[in-house]
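> what's the 3D shape of this:
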Amino acid sequence: MEDNLLLLSNSKTHNMGYLAHAREALLDFLDGHRTIYFAPYAAAKTAYDSYTATIQEAFKANDFDVKVIGLHTVDQPAMTLREAEVLFVGGGNSFRLLKTLQQLDVLNVVRERVTGGELRYMGSSAGTNMSCPTLRTTNDMPIVQPTSFASFGLIPFQINPHYQDPVVGSTHMGETREDRILEFLEENDVPVVGLREGSWLRKRGAHLTLDGLTAARIFRRHTEPQEYQPGSDLSWLLTLHATFDQNR
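The predicted model follows:
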């Protein structure tokens, strides 16, 4: 069995409903599966129920005959994930998400079952960031402190969700998203996919494709950033050796 991942830059695209931009990709990803466990841990605890309800309504609005269960409502999340077939990890703050996943002790079980082809993994924003080896290319403030930056490691490269290009004519004097990623590459030799709004990555075993509404920008150390259009085969990213600062 091969692993099966759908990694969205975002859940909601401008002028479209939740998940509407990726409806066809979701149909293909779910492939008839009717139960999804949703991890709302990137949100505040007080928002778990409402966040889950939003996702439930999104699938209903897009005419999906699926049951969405908040992972926070089960007594033993790790045990539940040993039997689950589809996991959706939502967006929010990546640091809070990773810290909670560590506290629940679910990182290893998810990693083992996804890479073994037994659990389909869908992420959006922070959830997509969790599929990477570390959360180091998140856009978020470290509002809490995880025990380490190591995340699920379902792919061997990094993603920067919600990637934004510099705004021509802007008077903003701070660093651009590109500046931040280039700083990351000074310390870590690993590709970074700048995943713009409305785009996603689809992984099936050794095959990786870029799809969606917009192009992606891929950064590598000592190489000019390159643009890739929707439909591009990015399987080569899965074969590259990544080197992180050892104190990750």
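> got the contact list for the nearest residue to Glu2 once chain neighbours are set aside?
The shortest distance from Glu2 to any non-neighbouring residue, by Cβ to Cβ, 6 or more residues apart in numbering, is to Gly205 (3.1 Å). C-betas here are computed from N, CA, C, even on glycine. For Gly205, the contact set (Cβ atoms under 8 Å, 6 or more residues apart in numbering) comprises 2-3, 117.
> try it again with 10 Å
For Gly205, the contacting residues are 1-5, 117, 235, 238, by Cβ atoms under 10 Å, 6 or more residues apart in numbering.
> Dump those residues to TSV, plus pLDDT, distance to Glu175 and secondary structure.
Formatted as TSV, the contacts of Gly205 follow (pLDDT from 0 to 100; distance: Cβ to Cβ, whole Å; DSSP: H, G, I helix; E, B strand; the rest coil):
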residue	pLDDT	distance to Glu175	secondary structure
Met1	79	42	coil
Glu2	90	39	coil
Asp3	92	34	coil
Asn4	96	36	strand
Leu5	98	30	strand
Gly117	96	40	coil
Ser235	97	31	helix
Leu238	96	29	helix
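> how about the residue lying closest to Arg217 once chain neighbours are set aside, secondary structure?
Distance criterion Cβ to Cβ, 6+ apart; nearest residue to Arg217, sequence neighbours excluded, is Gly194 at 3.9 Å. Classification of Gly194 by DSSP: H, G, I helix; E, B strand; the rest coil places it in strand.
> my guess is Gly194 contacts Asp165, does it?
Yes. The pair Gly194 / Asp165 is scored as a contact, 8.5 Å apart, by Cβ atoms under 10 Å.
> Those two: which has the busier surroundings?
Gly194 (26 against 11; other Cβ atoms under 10 Å).
> Tell me where the protein has strands.
Listed in chain order, the strands of the chain (DSSP state E) span 4-8, 35-39, 67-70, 86-89, 120-124, 158-161, 192-195, 199-204, 207-212, 216-220, 223-228.
> With distance to Thr134 as added columns, please give those strands in a markdown table.
Shown next, in a markdown table, are these (distance: least, Cβ to Cβ, whole Å):
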| stretch | distance to Thr134 |
| --- | --- |
| strand 4-8 | 15 |
| strand 35-39 | 18 |
| strand 67-70 | 26 |
| strand 86-89 | 15 |
| strand 120-124 | 14 |
| strand 158-161 | 7 |
| strand 192-195 | 11 |
| strand 199-204 | 17 |
| strand 207-212 | 19 |
| strand 216-220 | 15 |
| strand 223-228 | 20 |
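> nearest to Thr137, of these?
Of all the strands of the chain, it is strand 158-161 that lies closest to Thr137, at 4.3 Å by Cβ to Cβ.
> So what would you say the end-to-end distance of stretch 62-82 is?
This stretch, stretch 62-82, spans 28 Å end to end (Cα to Cα, to the nearest Å).
> can I get the contacts of Gly205 in a markdown table with distance to Arg180 and neighbour count?
Shown next, in a markdown table, are the contacts of Gly205 (distance: Cβ to Cβ, whole Å; neighbours: other Cβ atoms under 10 Å):
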| residue | distance to Arg180 | neighbour count |
| --- | --- | --- |
| Met1 | 37 | 7 |
| Glu2 | 33 | 11 |
| Asp3 | 29 | 19 |
| Asn4 | 30 | 21 |
| Leu5 | 25 | 22 |
| Gly117 | 34 | 13 |
| Ser235 | 27 | 14 |
| Leu238 | 24 | 14 |
